[in-house]
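Q: Need coordinates for the following:
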Amino acid sequence: MAHRSHALSMVAVLTLLVSILASYPRSAQSIGVCYGLNGNNLPSQADVVKLYQSKGITGMRIYGADSATLTALRGTNINLIMDVSLSDASSSSAADNWVNNNVKPYYPDVSIKYIAVGNEVSGGDVSNILPAMQNMHNSLSSAGLNSIQVSTSVSYGVMGTSYPPSAGEFSSDASYMTSIVQYLASINAPLLANIYTYFTYAGNTAQISLDYALFTSPGTVVTDGSNNYQNLFDAQVDALYSAMEKVGGSNVGLVISESGWPSAGGTDTTVGNAQTYNQNLINHVGKGTPKRPTALETYIFAMFNENQKAAGVEQNWGLFYPDQSPVYPINFN
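A: Model prediction:
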C-alpha cells in the first residue's frame, strides 16, 4: 500500500506541474519583430536572421517575398508573416504564380505561418481585398499548403466605435470588414491587426494618460462590465474582438501584426518610453486580454531604424540601429 500511495502522490505532483506549466504565460513564444527594408544602410539579410536568432526572436514579418531573406530563414524555425500585394493575388493565375515562385521553393524549410494579403489597404482598393484573399487561399490549397493561413493586415482606422471595448464596432466606411471577418471564420484564420497605442495617445494627450498607453498605470483605468482595463493596448484589442463578434466573427482570432513605440521624432518619443512600451508589451501579451485571456501572438514594429522612410517618427521605430547595436536594451525572454 505504501508503494501505491507513493506512486499516486507522484502522479498528483506531476499532474500539478503539468497544469502549472500549461497555464504559465508563454510570452516569449508569442513575440515576433517586423523586418522592414526601407534603409540604404541595413545589414545583409543573412546577418539580420542571425541577429533574430541571437536575441531569441521567434517570429518575423516581411513586407514582400524577399528571396535573400527567405533563403536566410531556411531551417531556423522562425515563424513568418509574409505580405503579398493585392495585384499579386488579383486573379487565380497571379496567385498561383506568386505561390509557385515565393512559397513552394521555401516551404517547409521556411516556417511560413501567414500570408498577409495587403497591409492597411484603403480607398478604392478595399473592395479587392476579399477576392485577393480567396485567390491566395485557393492557390495554397491547390498546392497542398493548407497549413499556411491567409489573412489581411488592417489598421485600427477600421474602427468606428472603440469605447468602451464592449461597444467596439467597425466604422461605416469599413463595411467591407464584415465579409472579410466572415470569410476568415469560414477558413479558420485570424485577422491581422496593427495596434499602435502611440498614435491614439499622441492624438489625444488631453484624455489619455501616458501611463495608460505605456502599460504603467498603477490600477484600473476603464471598467467595462466585468472587465477591468489597466492599459490602452488591451482596450483596443478587445474593442476589435467586439467589432468582429458583431459581424459574425466570434470565433475569429487576432494576431497583432504591428505594435511599437518610436524613440524619437514626435510627442513623448523618448528612448525610455520606447523601451518601456516594448518591454511591457513583450511581458504582457502572453497573458492575453481581459476579454480573451490566452496568449496573443504579437509582432513588434520594427527591427531597425529605416532612414529611407519619411523624416521624424517614421524613421525611429527600430529596436536596433543599422549597425546592429540596440537602440535600448530589450529582453525577448
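Q: Only alpha carbons, please: show stretch 279-292 as PDB.
A: Coordinates of each C-alpha in stretch 279-292 appear next as PDB, following Å, rounded to 0.1, in the frame of the first residue of the first chain:
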ATOM      1  CA  GLN A 279       9.400  45.500 -22.900                       C
ATOM      2  CA  ASN A 280       6.000  45.800 -21.200                       C
ATOM      3  CA  LEU A 281       4.300  44.600 -24.400                       C
ATOM      4  CA  ILE A 282       6.600  41.500 -24.500                       C
ATOM      5  CA  ASN A 283       5.900  40.800 -20.900                       C
ATOM      6  CA  HIS A 284       2.200  41.200 -21.200                       C
ATOM      7  CA  VAL A 285       0.900  39.600 -24.400                       C
ATOM      8  CA  GLY A 286       1.400  36.000 -23.100                       C
ATOM      9  CA  LYS A 287      -1.500  36.700 -20.700                       C
ATOM     10  CA  GLY A 288      -3.900  37.900 -23.400                       C
ATOM     11  CA  THR A 289      -6.600  40.500 -22.700                       C
ATOM     12  CA  PRO A 290      -9.500  40.700 -20.200                       C
ATOM     13  CA  LYS A 291     -11.900  39.500 -22.900                       C
ATOM     14  CA  ARG A 292      -9.700  36.700 -24.100                       C
END
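Q: which residues are contacting that stretch?
A: Residues outside stretch 279-292 that contact it (Cβ atoms under 8 Å, 6 or more residues apart in numbering): 25-31, 165, 214-216, 227-229, 231, 233-234, 237-238, 241-242, 256, 259-260, 293-298, 300, 330-332. No exception for glycine: its C-beta is placed from N, CA and C like everyone else's.
Q: Show me these that map onto helices.
A: Using DSSP state H, 214, 233, 234, 237, 238, 241, 242 are the members of the contacts of stretch 279-292 that sit in helices.
Q: ok, now which ones touch the third one?
A: The reference is to residue 234. Contacts for residue 234 were tallied using Cβ under 8 Å, 6+ apart; they are 165, 289, 290.
Q: Next one: it relative to residue 59, how far apart?
A: 20 Å (Cβ to Cβ, to the nearest Å).
Q: likewise the second one?
A: Relative to residue 59, residue 233 is positioned 18 Å away (Cβ to Cβ).
Q: what do you get for the first one?
A: To residue 59, residue 214 is 23 Å away according to Cβ to Cβ.
Q: Between those two, which has more neighbouring residues?
A: Comparing residue 214 with residue 59 by other Cβ atoms under 10 Å, the one with more neighbours is residue 214, at 26 against 23.
Q: Tell me the secondary structure at the residue nearest to residue 173 when sequence neighbours are not counted.
A: Spatial nearest neighbour of residue 173, excluding adjacent residues (Cβ to Cβ, 6 or more residues apart in numbering): residue 160 at 7.8 Å. Recorded secondary structure, residue 160: strand (DSSP: H, G, I helix; E, B strand; the rest coil).
Q: mind listing what's buried in stretch 290-306?
A: Across stretch 290-306, burial judged by 16 or more other Cβ atoms under 10 Å covers 290-291, 295-306.
Q: what does stretch 251-267 give?
A: Buried residues in stretch 251-267, counted by 16+ other Cβ under 10 Å: 252, 253, 254, 255, 256, 257, 258, 259, 260, 261, 262, 263.
Q: with those in mind, which one is nearest to residue 128?
A: Closest to residue 128 out of the buried residues of stretch 251-267 is residue 257 (19.2 Å), distances taken as Cβ to Cβ.
Q: Please tell me the pLDDT value assigned to that closest one.
A: With respect to pLDDT, residue 257 has a value of 98.
Q: can you pull the contacts of it?
A: 34, 61, 81, 116, 119, 153, 192, 193, 194, 299.
Q: just the buried members of those?
A: Buried among the contacts of residue 257 by 16+ other Cβ under 10 Å: 34, 61, 81, 116, 119, 153, 192, 193, 194, 299.
Q: sorry, back to before: select from the contacts of stretch 279-292 every entry located in strands.
A: Counted as lying in strands by DSSP state E, out of the contacts of stretch 279-292, are 31, 227, 228, 229, 256, 259, 298, 300.
Q: Let me know the closest of those residues to residue 187.
A: Using Cβ to Cβ, the ones in strands among the contacts of stretch 279-292 come closest to residue 187 at residue 256, 19.8 Å.
Q: Now compare the ones in helices among the contacts of stretch 279-292 and name the two farthest from each other.
A: Pairwise distances across the ones in helices among the contacts of stretch 279-292 (Cβ to Cβ) peak at 23.5 Å, for the pair 214 and 242.
Q: May I see the ones in helices among the contacts of stretch 279-292 arranged in JSON lines, with distance to residue 188 and pLDDT as well?
A: Putting the ones in helices among the contacts of stretch 279-292 into JSON lines (distance: Cβ to Cβ, whole Å; pLDDT from 0 to 100) gives the following:
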{"residue": "214", "distance to residue 188": "34", "pLDDT": "98"}
{"residue": "233", "distance to residue 188": "25", "pLDDT": "98"}
{"residue": "234", "distance to residue 188": "25", "pLDDT": "98"}
{"residue": "237", "distance to residue 188": "20", "pLDDT": "98"}
{"residue": "238", "distance to residue 188": "21", "pLDDT": "98"}
{"residue": "241", "distance to residue 188": "16", "pLDDT": "98"}
{"residue": "242", "distance to residue 188": "20", "pLDDT": "98"}
